Structure formats: structure tokens, C-alpha cells
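compute the structure for the input listed below.
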Amino acid sequence: MVTQALFLAAGLLASFASASLEKRGRTFQHRRAVTGLSRDALFSEPSTELHTRADCEPADPLNTLTDRLNTLLNSSGPGYVLPLCPGVQYFIQAPILFAAQDQEISTVGYPTGDDRATLVVAGPVANGQGHTTAVDGTCQNCSGVKLRNIQINGTRAGASPTNGGANIEMGGSNANQLVEYVRSFDPRSWSCLHIAEGAFTCNNITVQNNDIGPCGSDNFQEWADGISVSCQNSLVRNNMVNNPTDGGIVLFGSPGTVVENNTIWVETMTLLGGINMVDYDPWNGNYTNTVVRNNVIRGGFATETADAGETKGVNQNDAIVKIGIAIGPRTWFGDRYFNNVSLSGTVLNNQLTGAFGYGIAISSATNFTVQGNTLVGNTSFIGSNGPNCSTTDITPTPAPFVQDQNTVQSSSIQSGFQIIPDGNSLTCIVPPDGGDYWPFGGNPSSSGSSPTSSGSPTSSSSPDTSHGGLSGGAKAGIAVGVILGVAALALVTYFVRNWAVKRARTSGHRY
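Numbers count the residues shown, from 1 in each chain. Presented below is the predicted three-dimensional model:
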């Protein structure tokens, strides 16, 4: 009875709604920008030939693709959304360039998995030069642009690096940009995602909920970063960074930036640094109010199955993170920057697990706060001097937390740090060549890097229907109430519509 009543109510509502809407004009999603129309034309019946388009921009014909995408952005003005088709690959021959404020590039429907559209970097490369960037949001009028719910395939495919920009170049002299639910991997050049400082006026860029990597190769000088940030007052949160090889998240000063709740992990390649605060340029070492907190960094784990009683095993790729969190230019560059230091950063409550050379290493730093960082699960600290280690520097034995007492000044450092006499160039160590040195444990699954729900906001609450419920009488009462309510609404709609039609006819205007 209740079901029939509800169907009757729905039918009544649909009938009256259809009658009241039949003369309304059509709506068009993702309408192209239309110019040259008179003011009066805006109130005329919409022209199908002028206005309609498909829900997304097709990838074919391929020979006009790059120009078509860039022309749409160039000609459509602020706020334009370039809609890409779900599950489609776009083989582009040059970067796609944002051209005005508040523009957006996204996949229709905002999917978060493999059905996101993919921009494939496919332009020519020769002699180490060529096409490296898929999307560029650094134009002079690019504040507020958004890159959302797409994939970027840099297509290095094992080749040597190509000189050029990152897979994604954002920031510049702009503010309030957003990069979210983007997968970026296999860049031809030095980073999967770069947020540039511009003329030191870049401000407030949000990078969130992205899945990044793999990035680069762990062959010498073929590395690439996961996320590289040089924009001040930015927010980098809730990103999954898998198999980067240079830095997982690299902060080039970026004063005022918060990096939180990210997960960085390695599986098949060694990573030089999980989170890096080592670069003196371009902000002269200024990390004031830069906060790195509540992140998880996972080194390598054993890839074999543990026998009873075993705590460590072999990793078939000898993969480790050389430094979980690196602070100060000397940890990375030795004496290249002489006595210059990283200044005034904060590192709080981060977790490290798996195999590392050093969990956290600090040298050449002033006024840093490093507190509450912990080892969780199974860990090991392994490695030995490699061919690039200096014959004059004393490379410390791998350990969880190390601090160069000679070059760290006026800082608040948590207990448990081992004092070392020399913290120069710690990334020169190499992992063991095989052996039972890697702890047993696990890494987050690849599927965990993409939220399973839509990127659009959703409610986190739902009714509990597992216990109790309304009685049959109560349900019947509700059904009757619904029918009466729908009938009343229908009558109101009918009279209001008739009144509007009569008034329109009396005044001489079309309804």
C-alpha cells in the first residue's frame, strides 16, 4: 500500500511538473562562449546552431587537437571550463595554456579514478630538448585557475630526462589556484607537478587530493620530484605520492606554506628525500611559517613473504628512502652554499616507517622547530658510502634521527637525535645490494591514491536503517500526507501558471 501511494504521488508530481515546464527554453551544459549577439538576441529563442555543443571536447581530429584546446581557452575568457571527455586520451603536441582568470580544465562529471581524461605529452623530443609540459597555468592573468580531475601522462617511458618544465606548471605571479584529484606520472623532465614562485608574488595555491607518480628514474641524475613548491602561503594536503625519485615533496622555501596529511612511499625505486627543506634558492633559505606536519613517509619493505619469526627480508629492487625529511642545504649539497642556512621552518608529528638511510637529517639550519616526529611499525636504517661520497667528509652511519651540532643553531629539536660531526651530502649513501635488511610491512595500495567517491562535495551522514523503523500505520499516514501535499502543490502551480499566462497576454509580452 505504501509503495503504491508513493508511486501515485510521484506520478502526480511528474505530470504537473511536465506541464509547467514544457514551454521553458532548453539549457546547455558547457556552452561555448558566443560573441557578436545583440542585447535583444539574448531574450529570443535559443539558436541550436549557435549555442549547443557536446558535453565534452573530443580528441578527434588529432591533427587539430592541441590548437583547438588552446583556442577555446584563449577565446572564451575568464571563468571558462574546458570540458574533457571521461576515459579519453588527448595526445597533445604542445602545452595546454590557461589564458584568463578562473578558468578550469577538468573531466566532465569530475571522476576520480581511471575514467578521468588523460592529457598525453606527445610532442617531439630531440637531443635532450622538446615537449615536456602538459598544462601551464603561469600566465600573467591566471589567478584562480583550476586543474581538476584529469590525468597527465608525461611519457618518459624509461628515456633520459628532457630539459624543460614539469608535467604541470602552475603558480607564477598569480594567486588562489587549485590543483585537485589529478594524477600526474612519468614526467619527461624534472617534476610531476611544479608550483612556481613567479616574481615572488605567487600566493595561496592549493594542491590537494592528487595521486602523483611514478616520477623519474633512480638512475644517477635521472631523478624527478613528485610535488615541487616555491609559492608562498600555499597548502599541500591529502596527496598520495608514489615512487618519486628526487624529492617526494620539495619546498623551495615557500614561506607560509603548510604541507600536511600527505603520504609518500617507494616500491620499486630508491628516493633521495621524502620531504625536502634544503633549497637555498630562490627564497634565500626562508622557511618562515612553513609547516610540515602529520605526513606519513614509507621507505622500502621486504618484497618476499616472511617465514615464522622473521622480521626482515629482501627487497627485490633494493628500494629505500635515503632521507625521510631533509633539513638544511648541507644535507643535500655539501658546502655548495657555504654558510647559508635554512631558516625558521617547523616539522611536527610526522611518521616514518620502512627502510631509510636516515629518518630525519638536519644540518645548516637556524631557528627550526622539529618536534613529535615518530617511527611507526617496522623500520630499518641501512646503507653505506657510495661512489659519490666525499673522501674528506665523514658520512655518518645510518640512523633514525641525525643532527650536525656544528651547523644547527637556535633550534628546538626533539629528543632522540644523534649528534654527528658532519652532515654534508648525506644522499651519497647507497642501499645494500640485496640481503635481509628490509622490514616486513606494507605500502598503501595504488587504489587508495584516488578517492572512490566523486570529487564533488558530499554529505558524510546517512540514516541508520539497520535497527527499528516506523510502524505500518505511521508509514501509511506519511503516504497519505505525501499525496495530499502533492495535490495541494499541483493546484497552486496550476493557478499561478494560469495567472502568469493571462498577465503576459494582457501586457503584450510572450511567456
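
surely Gly123 meets Ala94?
Yes - if you go by C-beta atoms under 8 Å, Gly123 and Ala94 touch, sitting 5.6 Å apart. Where C-beta positions appear, they are placed from N, C-alpha and C, glycine not excepted.

return every residue with contacts to both of the two.
His131 (C-beta atoms under 8 Å, 6 or more residues apart in numbering).

lowest mean pLDDT among the helices and strands, pick that one out for this structure.
helix 48-51 (a mean of 35; mean pLDDT, DSSP states H and E).

helix or strand right after it?
helix 65-76 (DSSP states H and E).

so what does that following helix touch, helix or strand wise?
Helix 65-76 sits against strand 81-84, strand 89-92, strand 96-97, with contacts defined as 3 or more C-beta pairs under 8 Å, 6 or more residues apart in numbering; DSSP states H and E.

what is the first one packed up against?
Read it as strand 81-84. By 3+ C-beta pairs under 8 Å, 6+ apart, strand 81-84 packs against helix 65-76, strand 104-107.

so which of the ones you listed is the most surrounded?
strand 104-107 (a mean of 23; mean count of other C-beta atoms under 10 Å).

what are the pairing partners of it, and which direction each?
strand 81-84 (parallel), strand 146-148 (parallel) (DSSP bridges).

gap between Asn239 and Val108?
According to C-beta to C-beta, to the nearest Å, Asn239 stands 23 Å off from Val108.

neighbour count winner among these two?
Set Asn239 next to Val108 and count neighbours by other C-beta atoms under 10 Å: Asn239 wins out with 28 against 18.

could you list every residue that touches the more buried one?
207-212, 227, 249, 262-263.

next, format those residues as CSV and append pLDDT, neighbour count and distance to Gly345.
Shown next, in CSV, are those (pLDDT from 0 to 100; neighbours: other C-beta atoms under 10 Å; distance: C-beta to C-beta, whole Å):
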residue, pLDDT, neighbour count, distance to Gly345
Val207, 98, 30, 18
Gln208, 98, 17, 21
Asn209, 98, 20, 24
Asn210, 98, 28, 23
Asp211, 98, 23, 26
Ile212, 98, 31, 22
Ile227, 98, 31, 17
Ile249, 98, 28, 13
Asn262, 98, 27, 16
Thr263, 98, 20, 21
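
now, among the residues you listed, which is nearest to Glu57?
Relative to Glu57, the closest of these is Asn210; by C-beta to C-beta it sits at 22.4 Å.

from Cys139, how far out is the closest one?
Asn210 is 22 Å from Cys139, by C-beta to C-beta.

ditto for Ala361
38 Å.

okay, those two: which has more neighbours?
Ala361 (30 against 18).

and Gly442, how many neighbours?
13.

which element, helix or strand, includes it?
Per DSSP H and E, there is no helix or strand for Gly442.

list the contacts for the closest residue to it other than its chain neighbours?
Nearest non-adjacent residue to Gly442, counting by C-beta to C-beta, 6 or more residues apart in numbering: Phe301, 6.3 Å away. Counting by C-beta under 8 Å, 6+ apart, Phe301 touches 315, 354-355, 378, 438-443.

just the ones of those residues in strands?
Counting by DSSP state E, the part of the contacts of Phe301 found in strands is 354-355, 378, 438-439.

turn the residues you listed into CSV, including neighbour count.
Shown next, in CSV, are these (neighbours: other C-beta atoms under 10 Å):
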residue, neighbour count
Gly354, 28
Ala355, 30
Asn378, 17
Trp438, 29
Pro439, 21
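
ok, so of the residues you listed, who is nearest Cys56?
Gly354 (41.0 Å).

what's the residue nearest to that closest one when sequence neighbours are not counted sitting at in phi/psi?
In space, and not counting its chain neighbours, Gly354 is closest to Gly299: 3.2 Å by C-beta to C-beta, 6+ apart. Per-residue torsions, Gly299: phi -80, psi -170 (degrees, to the nearest 10).

so Gly299 touches Ala355, yeah?
Yes - using C-beta under 8 Å, Gly299 is in contact with Ala355, at 4.2 Å.

on that earlier part again, export the helices and strands packed on strand 81-84 to a markdown table and append columns for mean pLDDT and distance to Pro255.
Below are these laid out as a markdown table (pLDDT from 0 to 100; distance: least, C-beta to C-beta, whole Å):
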| stretch | mean pLDDT | distance to Pro255 |
| --- | --- | --- |
| helix 65-76 | 98 | 31 |
| strand 104-107 | 98 | 28 |
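
count the neighbours of Arg298 for me.
Arg298 - counted by other C-beta under 10 Å - has 27 other residues nearby.

can you count the residues close to the closest residue to it other than its chain neighbours?
Counting by C-beta to C-beta, 6+ apart, the nearest residue to Arg298 once its immediate chain neighbours are dropped is Trp265, at 3.7 Å. By other C-beta under 10 Å, the residues close to Trp265 number 27.

which residues touch Trp265?
Trp265 neighbours (C-beta under 8 Å, 6+ apart): 241-243, 296-299, 354, 443-444.

who's it bridged to?
Going by DSSP bridges, Trp265 forms beta bridges with Asn242, Arg298.

any idea how far it lies from Gln103?
33 Å.

please apply the same query to Cys56.
16 Å.

neighbour-wise, which of the two wins?
Neighbours were counted for Cys56 and for Gln103 using other C-beta under 10 Å; Gln103 has more, 24 against 19.

how close does the more buried one get to Gly172?
Relative to Gly172, and taking C-beta to C-beta, Gln103 is found at 14 Å.

ditto for Thr257
The value you get for Thr257 to Gly172, if C-beta to C-beta is used, is 16 Å.

so for the two, which residue has more residues nearby?
Thr257 (26 against 23).

gap between the most centrally placed residue in the chain and Leu348?
Residue closest to the mean C-alpha point of the chain, counted by C-alpha atoms, centre = their mean, is Asn210 at 2.6 Å. Distance, Asn210 to Leu348, using C-beta to C-beta: 22 Å.

cool, Gly285 as well?
20 Å.

Ala355 contacts Leu375, doesn't it?
No - applying C-beta under 8 Å as the test, Ala355 and Leu375 come out as separate, 11.7 Å apart.

out of the helices and strands packed on strand 81-84, which is closest to Gly324?
Nearest to Gly324, of the helices and strands packed on strand 81-84 and by C-beta to C-beta, is strand 104-107 at 34.0 Å.

next SSE downstream of the closest one?
strand 117-121.

strand partners of that next one, parallel vs antiparallel please.
Partners of strand 117-121, by DSSP bridges, with direction: strand 89-92 (parallel), strand 150-153 (parallel).

buried ones in it, by neighbour count?
Residues 117-119, 121 are the ones in strand 117-121 that count as buried (16 or more other C-beta atoms under 10 Å).

just curious, which of these is nearest to Ser75?
Leu119 (19.7 Å).

quick revisit: how far away is the residue nearest to the centre of the chain from Asn242?
Counting by C-beta to C-beta - Asn210 and Asn242 are separated by 11 Å.

where are the low-confidence patches of the stretch 401-511 of the chain?
445-511 (pLDDT under 70).

again with the chain
Low-confidence segments of the chain, defined by pLDDT under 70: 1-54, 445-511.
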